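Engineer: For reference, the sequence and a predicted model appear below.
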Protein chains: 2
Amino acid sequence: MSELQPPPTRKIGKADVARAEILSAAAGLMRRVGYAEMSLRDLAAEVNMKAGSLYYHFQSKDDLVTEVMRIGVEVVEAAVREALARHPDLPPTDRIMIAVRVHLDTMLKKSDFVSSHIRCYPFVPTPIRNRLREVRRSYDRIWIDLLGEYLGPDAAYDDVRYLRHLLIGALNGALEWFNPNRDSAMAFAGHIEALLRNAR
Amino acid sequence: MSELQPPPTRKIGKADVARAEILSAAAGLMRRVGYAEMSLRDLAAEVNMKAGSLYYHFQSKDDLVTEVMRIGVEVVEAAVREALARHPDLPPTDRIMIAVRVHLDTMLKKSDFVSSHIRCYPFVPTPIRNRLREVRRSYDRIWIDLLGEYLGPDAAYDDVRYLRHLLIGALNGALEWFNPNRDSAMAFAGHIEALLRNAR
DNA sequence: GTCTATAATATGATAGAC
DNA sequence: GTCTATCATATTATAGAC
């Protein structure tokens, strides 16, 4: 996972590996049990450590949690931006569908960082939410731009906002029902596409 | 709140009032801080009690939480069923929009029971989720029926499922962005309506 | 019905040995 | 870097007085 690597100018040491393992394990735990119920003892056990050792890598539980969630937005943002960059000239609806599929796929199959962010954000303490505001805004901007093009220059600001919230809500909701053994992200995306293509 | 009253055959005593106050306060706390972070001390303080006193009314924290969440589904189900019963002969799209508006309105403005259920369900222990399965199924059935009529008798089972998850996800997502001072539930519902009317 | 007091356990965090 | 040991505090739950 490239997002967990330190800057390439520095050599990857033992601490970097341990830190990355802690972050991965924390993302998985947070997604499953939530922010408050993820104890540092349980987390440490998952990476064969003792709770106190985590403090060599992170100053506090909230610092660790913030880092997990920050990586989450950055992962999905990078995935969506890359996919869109490969198809710069498609019409708006097609570009939205690319973003829809990549968002779903990253969240459901690829990254506990993304899913733990989405699930835990509502209950995380305010200081953590504040520290995440900027990265979240940056990802939102992708959708604001995509939907702005879709609705056209005459659309009201709030029209873009409501449509964005509707879409992101539908996508993130999949976290609560999607079963990889039974469900198809592409089939789900197809239903979103049908609604978007016929409207407007 | 009629849902908090005991069966009408029994007189409403002091215990019933206290119990109802505890449940209301718990719903508010759960919505704000989540299942794990709602301590029984904080809850007791909100109703001017001590933590131990709660055990006169409930056998355990999880029993109390289950009851709060059970009431949540029952409240929104009753509201939607009543509204639909008043317009039995409208076309499917109109009936869906009635359900959309009542679901949004109940969740956002009326009931901490509904919103705490939606927010906390993903992180609540499995035994609690099992005890809620039946009431949740009952509410789901409303939407399965509504969307089944909308898509017509030829629609596949999964088409109804995906569309239902999409819709409920968009609605429940409002819990995370809706600001009563700034946003309009009706405007949001309007965007959903535009998509549904033009599709199919 | 609600209180006080407390048991039993868990938590985030720190200090210092190795 | 990770450990052990521990502090200070918080948690759910219970027992018995009032």
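Structural biologist: Yes, it's here. Numbering: from 1, shown residues only, chains lettered A, B, ... in the order given.

Engineer: And the average pLDDT for stretch A:131-139 is what?
Structural biologist: For stretch A:131-139, mean pLDDT rounds to 98.

Engineer: is any part of the helix or strand containing A:L132 close to chain B?
Structural biologist: Using DSSP states H and E, A:L132 sits within helix A:126-151. No: Helix A:126-151 stays clear of chain B (C-beta under 8 Å from any C-beta of the partner chain), getting no nearer than 10.2 Å. Bear in mind the C-beta positions are built from the backbone N, C-alpha and C, glycine included.

Engineer: How much space separates the residue in chain A sticking out farthest from the centre from A:Y121?
Structural biologist: Going by C-alpha atoms, centre = their mean, the residue of chain A most distant from its centre is A:D154, 30.6 Å out. A:D154 sits 33 Å away from A:Y121, going by C-beta to C-beta, to the nearest Å.

Engineer: A:R133 now?
Structural biologist: Using C-beta to C-beta, A:R133 is found at 11 Å from A:Y121.

Engineer: Tell me who's in contact with A:E67.
Structural biologist: Each residue near A:E67 by C-beta atoms under 8 Å, 6 or more residues apart in numbering or on different chains is listed here: A:L23, A:F58.

Engineer: more neighbours, A:R133 and A:Y121?
Structural biologist: The neighbour comparison of A:R133 against A:Y121 (other C-beta atoms under 10 Å in any protein chain shown) goes to A:Y121, with 18 against 9.

Engineer: Let me see the ranges of the strands in chain A.
Structural biologist: Along chain A, no segments are classed as strands by DSSP state E.

Engineer: Can you give me the neighbour number for A:I12?
Structural biologist: Close neighbours of A:I12, defined as other C-beta under 10 Å, add up to 11.

Engineer: Hmm, A:P6 and it touching each other?
Structural biologist: Yes: at 6.3 Å, A:I12 counts as touching A:P6 under the criterion of C-beta atoms under 8 Å.

Engineer: The helix holding A:L132 packs against which elements?
Structural biologist: When contacts are defined as 3 or more C-beta pairs under 8 Å, 6 or more residues apart in numbering or on different chains; DSSP states H and E, helix A:126-151 packs onto helix A:61-85, helix A:92-105, helix A:157-173.

Engineer: List the neighbours of the second one that are in contact with it.
Structural biologist: In this case it means helix A:92-105. Contacts of helix A:92-105 with the rest of the structure, by C-beta under 8 Å, 6+ apart, involve A:76, A:79-80, A:83-84, A:87, A:90, A:142-143, A:146-147, A:149-150, A:167, A:171, A:174, A:185-186, A:188-189, A:192-193, A:196-197.

Engineer: Now A:A25. Nearest residue, chain neighbours left out?
Structural biologist: A:E46 (4.2 Å; C-beta to C-beta, 6 or more residues apart in numbering or on different chains).
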